[in-house]
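Visitor: From the sequence below, what's the structure:
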Amino acid sequence: MNKQELIQQLAESTEYPKAQCERVLEALTYAVQDALAAGGEVKLHGIGKFCVRQRAARTARNPQTGESVQVKARKVPAFVAAQGLKDAAA
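Guide: Next comes the predicted model:
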């Protein structure tokens with residue numbers, strides 16, 4: 001399911017206009033981004049948790065040349081699915 005299909009399904013299930021559903025989805029996206037940028041996390045009951053994880057520095061290999069490259073430590077967004085979501089997908 002892509003973003004437009006999600007908006008269509010939200011509009012059908014809530015009977016709200018598609019434009020309003022799209023604005024709500026955009027607002028949710030920005031709220032999650034802002035929370036993660038501030039170092040926080042977002043928990044959605046029954047869906048899961050968005051958080052920021054620290055990735056350690058490491059040595060990688062360039063697949064074209066075989067040369068070793070240093071990759072710096074950095075923060076990356078992560079999603080941990082709730083048990084209910086895991087069960088629904090199984």
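Visitor: Next up, the contacts around the one residue sitting closest to the centre of the chain.
Guide: The residue lying closest to the centre of the chain (Cα atoms, centre = their mean) is Phe79, at 5.8 Å. Applying Cβ atoms under 8 Å, 6 or more residues apart in numbering, we find Phe79 in contact with Gly48, Lys49, Phe50, Cys51. Where C-beta positions appear, they are placed from N, C-alpha and C, glycine not excepted.
Visitor: Just the closest of those to Gln20, please.
Guide: Of all these, Phe50 has the smallest distance to Gln20: 23.5 Å, by Cβ to Cβ.
Visitor: following the lengthiest helix in the chain, which helix or strand shows up next?
Guide: Ordering each helix of the chain by length in residues (DSSP state H) puts helix 18-37 first. For helix 18-37, the following helix or strand on the C-terminal side (DSSP states H and E) is strand 42-44.
Visitor: Contacts only, for the nearest residue to Thr14 once chain neighbours are set aside.
Guide: Once flanking residues are discounted, Thr14 sits nearest to Cys21: 6.9 Å by Cβ to Cβ, 6 or more residues apart in numbering. By Cβ under 8 Å, 6+ apart, the residues touching Cys21 are Ile7, Leu10, Ala11, Thr14.
Visitor: still on that earlier bit, and the longest helix of the chain, which residues are buried?
Guide: Cys21, Glu22, Val32, Leu36 (16 or more other Cβ atoms under 10 Å).
Visitor: As JSON lines, those residues with distance to Ser68 and pLDDT would be great.
Guide: Listed next are the buried residues of helix 18-37 as JSON lines, based on distance: Cβ to Cβ, whole Å; pLDDT from 0 to 100:
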{"residue": "Cys21", "distance to Ser68": "48", "pLDDT": "96"}
{"residue": "Glu22", "distance to Ser68": "46", "pLDDT": "96"}
{"residue": "Val32", "distance to Ser68": "36", "pLDDT": "95"}
{"residue": "Leu36", "distance to Ser68": "31", "pLDDT": "95"}
